[in-house]
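[1] just to be clear, the model below is a prediction. Sequence and coordinates:
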Amino acid sequence: MYRIVLQLFVICAVLYGSNASGAVLSDVNTNGHVTITGSGFGEKSTPQARYFSDMEGMPVGQIPQGWYTLAGAPAVSLTKAFSGTQAVEFISDSDDFHQIAFDAGEFPSIFVFHGKMYIDNTADTLTQYQLKHIRLSSSEDVYRTNAEITTSIVLYDSWWTSDGGDRWFNTGSPHVYYDGSNSYAGSVSAPSDLFPMNTWFDYKVILRRSSAPGTPDGAVYNYVNGELKSSKTDFTTHDADDGVWRYFMLGGSIVSGSGGVENMRIYYDDVYLDDTLSCVEIGDKSTYEECLALNPQPVIAWSDTSVDVNLNKGALVTGSTAYMYITDSSGVVSDQDMEEAGTQGFAFTITEPSALSLTVIQASQTVTNTTTSFTATGTTTNATSVTCDPVRPNTGTVDAFTFADIPLSVGDNVITVTASDGVDDVLRSITITREQSVAPETSFKGAILRGVTIP
């Protein structure tokens, strides 16, 4: 197994600042294990992201494994893909919802979506409509309206035609719903070229929940191809009796606002969800600000002095030069040369990957306190062995494995599956969070205390 060793040193914490120096690269293999060493990385309480998938190995014609359908019929497709051969396809030929959802666990403060998106409007003749394409909610089935004691946020975009015939998306408002009512967060200004048409682009959304109920300090940031296109930092995300964000909805409604033929295809690939700014990314440019594609890396382990990841090259080709960046929980991006303008990445060469692959079907999730064990299943390609940590026997085969009866303690349980071909190893980790037990509510109704019956 080949290993890349990067030595990065974060000097101080400034949001998306240039505050790191020093790095040493030894070797890299695109199916290998990446180790980043240094200091000042901060802590990431749960190393693994809430979710990451490049959609490879998912059954074609079905929704991604681990997700559920709310409306329409989105499905994994071979039509287009950012990396590999598969992506999730949303077909819109009428005014309706097309949406899938994922239980990602609670997001008490920060939510991050990072993925690749493609909007195909080549067969479409509408001059105006609206797209609601990302929603984060405390309710598992809310996509049209919201029930009481529910809070959700939806990114809401508009499309119109200029006098010259050019068409574009433009961010309107981040709509916040809570207690069954509509609360508009206010206009978010954005350039007219927010989303490119008919090409893959990098899309990142960061949401910050209000610091307290009814407090107008919630925030949203929209990044397209690494550039901050729009932001708002003064809206209210919830009130006192609203639930915590938990369910992520991808896709949504496309509603026409004028005549014409509605025939749009939207694709999502390399989907990444997390509850912190801490992350590792590789980019296609030597400075972070110029990267047109930033590929998030699946983290295995994280400490203040070392981070381990599985390398995800995205659409970067073998033999090309890529650049490594690490960001801490304050948003500080590592900088290899503080004397140079821009945030400098660490350069390395993408090498030929082996044919070894590993897919774990189950995703990170939260289970009830009564769930004391877990079963991990999945598939491998060109592996000679597959193991599980915690150690459990494989009751399936190397190609289609099953690790049953994995014991779960209260709190976070990291389950790591490793596939090996005798030379390279591939690791996939998921975190299963077993909820704390809830003590039964004590009632004194009807009890007699010193001769008095309590009503």
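    Yep, that arrived. Quantities reported herein were computed from a predicted structural model and do not represent experimental measurements.

[2] correct me, but T380 touches L358?
    Yes. Judged on C-beta atoms under 8 Å, T380 makes contact with L358 at a distance of 5.2 Å. To be clear about C-beta, it is placed using only N, CA and C from the backbone, and glycine gets the same treatment.

[3] intersection of neighbour lists for the two?
    Common contact partners of T380 and L358 (C-beta atoms under 8 Å, 6 or more residues apart in numbering): 386, 419.

[4] quick one: which of these two has more around it?
    Legend: neighbour count by other C-beta atoms under 10 Å for T380 and L358, higher for T380 (25 against 22).

[5] burial count for D399?
    Neighbours around D399, by other C-beta under 10 Å: 12.

[6] do the same with V220
    Using other C-beta under 10 Å, V220 has 23 neighbouring residues.

[7] low-confidence bits of the stretch 151-300 of the chain, can you list those?
    151-194, 252-262 (pLDDT under 70).

[8] ok, now with 50
    For the stretch 151-300 of the chain, residues meeting the criterion pLDDT under 50 lie at 158-173, 186-187, 189-190.

[9] how near is I432 to I119?
    Look at I432 and I119: by C-beta to C-beta, to the nearest Å, they are 35 Å apart.

[10] likewise Q365?
    Separation of Q365 from I119 (C-beta to C-beta): 30 Å.

[11] swap in D308?
    Taking C-beta to C-beta as the measure, D308 falls 35 Å from I119.

[12] out of Q365 and I119, which sits in the more crowded spot?
    Shown here are Q365 and I119; by other C-beta under 10 Å, I119 has more neighbours (21 against 17).

[13] tell me the bridge partners for T416.
    Here T416 sits in beta bridges with D389, S429, going by DSSP bridges.

[14] now the residue nearest the centre of the chain. Its backbone dihedrals?
    The residue lying closest to the centre of the chain (C-alpha atoms, centre = their mean) is L273, at 1.7 Å. Backbone torsions for L273, taken as degrees, to the nearest 10, come to phi -130, psi 140.

[15] same thing with E289?
    The phi and psi values for E289, taken as degrees, to the nearest 10, are phi -70, psi -20.

[16] begin at 4 from here
    That works, and once the first residue is 4, the last one we named lands at E292.

[17] what's the closest non-adjacent residue to it?
    Among residues not flanking E292 along the chain, G345 sits closest, at 5.4 Å (C-beta to C-beta, 6 or more residues apart in numbering).

[18] that neighbour against C294, yeah?
    No. In this structure G345 lies outside contact range of C294 using C-beta under 8 Å: 10.3 Å.

[19] these two: which is more packed in?
    Under the neighbour definition other C-beta under 10 Å, G345 and C294 were set side by side, and C294 has more, 23 against 14.

[20] what sits against the more buried one?
    205, 228-229, 286-288, 326, 348 are the contacts of C294 under C-beta under 8 Å, 6+ apart.

[21] most neighbours, which of these?
    Result: G348 is most packed of the contacts of C294 (other C-beta under 10 Å), 29 neighbours.

[22] how about low-confidence regions in the stretch 354-458 of the chain?
    444-458.

[23] helix/strand/coil for the closest residue to A304 other than its chain neighbours?
    Counting by C-beta to C-beta, 6+ apart, A304 lies nearest to D311, which is 4.3 Å off, once chain neighbours are set aside. Here D311 is strand, with the state taken from DSSP: H, G, I helix; E, B strand; the rest coil.

[24] pLDDT score for D311?
    If you check D311, the pLDDT there is 82.

[25] let me see the contact set for L359.
    By C-beta under 8 Å, 6+ apart, L359 lies in contact with 34, 383-386, 422-424, 427, 429.

[26] just the C-alphas of stretch 421-441, formatted as PDB.
    Output of stretch 421-441 as PDB, limited to C-alpha atoms (Å, rounded to 0.1, in the frame of the first residue of the first chain):
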ATOM      1  CA  THR A 421     -10.900  -2.900   4.700                       C
ATOM      2  CA  ALA A 422     -10.400  -4.600   1.400                       C
ATOM      3  CA  SER A 423      -7.000  -5.800   0.200                       C
ATOM      4  CA  ASP A 424      -5.500  -7.300  -2.900                       C
ATOM      5  CA  GLY A 425      -2.200  -8.100  -1.200                       C
ATOM      6  CA  VAL A 426      -0.600  -4.800  -2.400                       C
ATOM      7  CA  ASP A 427      -3.100  -2.000  -1.800                       C
ATOM      8  CA  ASP A 428      -5.800  -1.500   0.800                       C
ATOM      9  CA  VAL A 429      -9.000   0.400   0.500                       C
ATOM     10  CA  LEU A 430     -10.800   1.500   3.700                       C
ATOM     11  CA  ARG A 431     -14.400   2.600   4.200                       C
ATOM     12  CA  SER A 432     -15.700   3.800   7.500                       C
ATOM     13  CA  ILE A 433     -19.200   4.600   8.800                       C
ATOM     14  CA  THR A 434     -20.300   6.000  12.200                       C
ATOM     15  CA  ILE A 435     -23.300   4.500  13.900                       C
ATOM     16  CA  THR A 436     -24.600   6.600  16.700                       C
ATOM     17  CA  ARG A 437     -26.600   4.800  19.300                       C
ATOM     18  CA  GLU A 438     -28.800   7.200  21.200                       C
ATOM     19  CA  GLN A 439     -28.800   7.700  24.900                       C
ATOM     20  CA  SER A 440     -31.500   5.900  26.900                       C
ATOM     21  CA  VAL A 441     -34.400   8.100  27.900                       C
END
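
[27] now, of the contacts of L359, which are buried?
    Among these, those scoring as buried are 34, 383, 386, 422-424, 427, 429 (criterion: 16 or more other C-beta atoms under 10 Å).

[28] please convert those to TSV, extending it with secondary structure and distance to P396.
    Shown next, in TSV, are the buried ones among the contacts of L359 (DSSP: H, G, I helix; E, B strand; the rest coil; distance: C-beta to C-beta, whole Å):
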residue	secondary structure	distance to P396
N34	coil	26
T383	strand	16
A386	coil	17
A422	strand	16
S423	strand	17
D424	coil	21
D427	coil	24
V429	strand	20
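
[29] what's the closest of those residues to E109?
    Nearest to E109 among the buried ones among the contacts of L359: V429, at 29.6 Å, using C-beta to C-beta.
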